[in-house]
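1. Could you work out the structure for the sequence below:
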Amino acid sequence: MRGTWIGRLRAGTKSLISDRRGNAFMLTAAAIIPVIGFVGSAVDIGRAYMTQLRLQQACDAGVLAGRRAMGGATYDEAAEAEADKMFNFNFPEAKYGASGILFSSEAVNASDVAGQASAVLPTSLMFMFGKDEFRLSVDCTAKLEISNVDVMLVLDVTGSMSRKADSSDDDTKIEALRGAAINFFDTLTTADIGDGRLRFGVVPYSSSVNVGGILAAKNVNWLADEVRLPSRTPKTEIVYTETDFDESSINDVHNEDVFDKDLGKCKGGLPADTTPQPGQPNANLTEQYVDADGNRISTYDVERTYSYYKYKQFENNKGQCREGRYIASFVRTSTQVITETPTKVFDGEYRYEDRIFDTRPLKAGSTMESDTGDEGALVTTSWGGCIIERGTTPFTHTQTAPDDAFDMDIDLVPTGDVDTQWKLFLPDVTYNRNQVNPYWSTSNIRDFVEQGGDYAACPVAAMNLTTMTAASRDTFVSYINSLQPRGYTYHDAGMAWGARLLSPTGLFADENATADNGRPISRHVVFMTDGEMVTPRANLSHQGQERSLPRVGATSDDNAVARHNNRFTQLCRSARQRGMTIWVVSFGVGSNSNLNSCASSGQAFEADNAAELNQQFQAIARQISKLRLSQ
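-> Just a heads-up that it's a prediction; the model follows:
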């Protein structure tokens, strides 16, 4: 019985082992739990990875937006709000199934904005194994960097800048420009420079540009020793004034006294003789010449009778003592030498004509004198630093500048040829005679200093490229605040000198071509103006006085504007060809085809009011610098 039971068990077990029907189901049932664990882990971890990636991207976008909105070194509430806005846009609430989403950002220094973001992501399958959620967190940092950057601010400081761009503005345009330029400086100097180099230059322009100090410091021979200007010469006559008298070889021959009057009885004590009085001289000129100082020296042989009263006693015919007055005289011969100094006396007319002035004393920092004042008065002239362009050749508003228009050449270094040199701008000896030909006139025309207003404006001295950091802020602010609005609008003057001071191949190639670290240099012209060209021929400008001494060749004021615009656009093209990026900001004037064509592609900006001007300067500063993620 026992064997039968055991045998049946053995046989059943053997049959079960050898029977494979239903094994797959059993194995699957046994394996389903670990499979669910593996698949669930893959799905949830994949979701967590993708969500963290999106969280990182949103964090990066947020700090980039915050740093971009950061003005200068100040990370204010507005900049932080921009960072939050950009983060929320890229990682909206619950879009990825996450909750507890947090984002914060702050400036860690003047150039960096750091952020932190976190979120909680629930699991889809792993909760069955006790993993309910993933806690995700990321860090991000946006850094504003500069390598080697040269920035030349070419700034319109004409008379119209004294007005407001918009009636709602608190500031005039020049005040708004000062603030925008300072904030621009702050943004760039608070970027991370490392071993890079940041240099700033400024060219204020109106009727001319004040670059004389820069040129003289580099090479005083780049400035001509003479300048030809429309001026005037007084008509004068010479009047001699006796300044010295010498008499020698004096010989007196006395005549016999002649009784004149009986004065009465003798009283004792006669009156003293009177002083001899000279009569009309009889002078014979024996020699006359003009000495080295211009004095006239005359020598005369002179004969002159002197007479006087003499008192003495005499006896009358009755033997009585009487007192009498006698006329005494003597003839004096002598040699007289008279020195007379010449004086020019105005003779009522002026010759309005071109004159050549010796400017060597001015180049040396001294003054010069000229007889161009009222009625030929001497005028003492000092030089303010503005220049008249070097030699040019007229070309129309549609023609390309010829090779001998040296004023259009950005890079030409002056030689001994005076046409390649710049002339001194001297408004106090310059007169608008309103025609090319000279003439005589009794009219007392005002010189350009006396005319005042926007005529013959000479701006603040330009600042050549100078290495600057945040520590240089006070120097930059002081300079920018010195800008004053006055003068007419000559864009070509500003662009020519902005390009010359920035060019790596011209006047300052030894300073501009390379940087000490050997890396490339990014060169930028930021050109700001509030108006179109205004170039009256009656004005004294960087091209001289067109109405009296034509250089540009304009036939009317409108034609002058057209010719100057053509020069401006060609100078812009020359600057771009030398690798300069030109940013143009039109302030309060709307779109302008000439200005837009000057700008590098996509770099023309418009500002209708003071706030927009600051925004556009900030936008340019951020594009000049390199905003990148450092974490």
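2. contacts and neighbour counts: CA atoms only from here.
-> Noted.
3. can you give me the helices for the stretch 301-450 of the chain?
-> 360-363, 448-451 (DSSP state H, counting those that start in this stretch).
4. swap that for the stretch 451-600 of the chain, sorry
-> Going by DSSP H, counting those that start in this stretch, the stretch 451-600 of the chain shows helices at 473-481, 491-502, 509-512, 557-577, 593-598.
5. now swap in the stretch 51-200 of the chain and tell me
-> Remark: helices assigned in the stretch 51-200 of the chain by DSSP H, counting those that start in this stretch are 77-90, 173-189.
6. Can you give me the buried ones in the first one?
-> Translated: helix 77-90. Going by neighbour count (16 or more other CA atoms under 10 Å), the buried part of helix 77-90 is A79, E80, A81, E82, A83, D84, K85, M86, F87, N88, N90.
7. Identify, from these, the entry nearest to G179.
-> A79 (18.9 Å; CA to CA).
8. Please tell me I have it right and that closest one contacts M70.
-> Yes. Shown here, A79 and M70 form a contact pair, counting by CA atoms under 8 Å, at 5.4 Å.
9. what pLDDT does the closest residue to A575 other than its chain neighbours get?
-> In space, and not counting its chain neighbours, A575 is closest to A499: 5.7 Å by CA to CA, 6 or more residues apart in numbering. Listed pLDDT for A499 reads 98.
10. I'd like the numbering to begin with 17 instead of 1 from here.
-> I'll keep to 17 as the first residue from here, and by that count the last item is A515.
11. Pretty sure D425 is one of the things A515 touches, is it not?
-> No. Using CA under 8 Å, A515 makes no contact with D425, being 10.2 Å away.
12. Looking at the two, which is more packed in?
-> Neighbours per residue (other CA atoms under 10 Å) separate A515 from D425, with A515 holding more: 27 against 20.
13. Apart from its chain neighbours, what residue comes closest to R215?
-> T483 (4.1 Å).
14. The helices of the stretch 67-216 of the chain: lowest mean pLDDT?
-> Among those, helix 93-106 has the lowest mean pLDDT, at a mean of 90.
15. I'd like the distance between the residue nearest to A591 and W438.
-> According to CA to CA, to the nearest Å, A515 stands 16 Å off from W438.
16. Next: T290.
-> Plainly put, T290 is 73 Å away from W438 if you go by CA to CA.
17. These two: who's more crowded?
-> Taking other CA under 10 Å, T290 and W438 do not tie; W438 has more neighbours (25 against 12).
18. who's in contact with the more buried one?
-> Applying CA atoms under 8 Å, 6 or more residues apart in numbering to W438 gives the contacts W238, L239, A240, I403, I404, E405, R406.
19. Is the fourth one bridged to anything, and to what?
-> Okay, so that is I403. Taking DSSP bridges as the rule, I403 bridges to L440.
20. Model confidence for it, exactly?
-> At I403, pLDDT is 98.
21. was I right about it contacting Q437?
-> No. Taking contacts as CA under 8 Å, I403 lies outside contact range of Q437: 10.2 Å.
22. I'd like the buried residues of helix 93-106 written out as TSV, with distance to L204 added.
-> Compiled in TSV, those are given as follows (distance: CA to CA, whole Å):
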residue	distance to L204
A95	17
E96	20
A97	22
E98	20
A99	20
D100	24
K101	25
M102	23
F103	25
N104	28
N106	28
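23. Looking at those residues, which one is closest to F492?
-> Set against F492, the nearest of the buried residues of helix 93-106 by CA to CA is A95 (25.1 Å).
24. Contact partners for that closest one?
-> The neighbours of A95, taking CA under 8 Å, 6+ apart as the test, are A81, G82, R83, R84, A85, M86.
25. give me that answer again for 10 Å
-> Residues near A95 by CA atoms under 10 Å, 6 or more residues apart in numbering: V79, A81, G82, R83, R84, A85, M86, G87, K101, S121, E122.
26. Next up, the contacts around the closest residue to the third one other than its chain neighbours.
-> The spatial neighbour of G82 that comes closest, neighbours along the chain excluded (CA to CA, 6+ apart), is A99 at 4.3 Å. Remark: with contacts taken as CA under 10 Å, 6+ apart, A99 is in contact with 74-85, 93, 105, 119-122, 129, 131.
27. In ChimeraX, select just the buried ones from those.
-> Paste this into ChimeraX to select the buried members of the contacts of A99, with burial taken from 16+ other CA under 10 Å:
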select :74,75,76,77,78,79,80,81,82,83,84,85,119,120,121,122,129,131
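28. If we ignore the residues flanking it in sequence, what's nearest I254?
-> I254 sits nearest to K360 (CA to CA, 6+ apart), 4.7 Å away.
29. how many other residues sit next to D444?
-> Close neighbours of D444, defined as other CA under 10 Å, add up to 21.
30. Identify the residues contacting it.
-> 247, 388-389, 395-399, 462-467, 472.
31. Just the ones in strands from these, please.
-> The strands, defined by DSSP state E, take in S247, V395, T396, T397 from these.
32. quick one: which two of those are the most distant?
-> Largest separation among the ones in strands among the contacts of D444 by CA to CA: S247 and T396, giving 14.7 Å.
33. and those two? which has more neighbours close in?
-> Shown here are S247 and T396; by other CA under 10 Å, S247 has more neighbours (24 against 14).
34. And that one, what's its pLDDT?
-> Listed pLDDT for S247 reads 98.
35. didn't it look like it was pressed against Y455?
-> No. Taking contacts as CA atoms under 10 Å, S247 lies outside contact range of Y455: 11.2 Å.
36. Need the overlap of contacts for these two.
-> Y366, R367, Y368, E369, R449.
37. Looks like the second one contacts T249 (just checking).
-> Yes. Because the distance of 5.0 Å satisfies CA under 10 Å, R367 is recorded as touching T249.
38. Can you pull the residues that touch both of the two?
-> W456.
39. Looking at the two, which one has more neighbours?
-> Between R367 and T249, counted using other CA under 10 Å, T249 has the larger neighbour count: 19 against 16.
40. State the distance from the more buried one to E385.
-> Going from T249 to E385 by CA to CA gives 13 Å.
41. one step back: between which two of the contacts of A95 is the distance greatest?
-> Within the contacts of A95, G87 and K101 form the most distant pair, 17.4 Å apart (CA to CA).
42. which ones are touching the closest residue to I636 other than its chain neighbours?
-> Closest residue to I636 apart from its sequence neighbours, by CA to CA, 6+ apart: W599 at 7.6 Å. Applying CA under 10 Å, 6+ apart to W599 gives the contacts 169-170, 540-544, 611-612, 614-621, 633, 636.
43. Quick one: buried ones out of the residues you listed?
-> For those, a burial check counting by 16+ other CA under 10 Å picks out 169-170, 540-544, 611-612, 614-616, 619-621, 633, 636.
44. so which of the contacts of D444 is the most crowded?
-> Of the contacts of D444, with other CA under 10 Å as the count, A472 tops at 30 neighbours.
45. hang on, isn't that residue packed against G503?
-> Yes. Shown here, A472 and G503 form a contact pair, counting by CA under 10 Å, at 6.8 Å.
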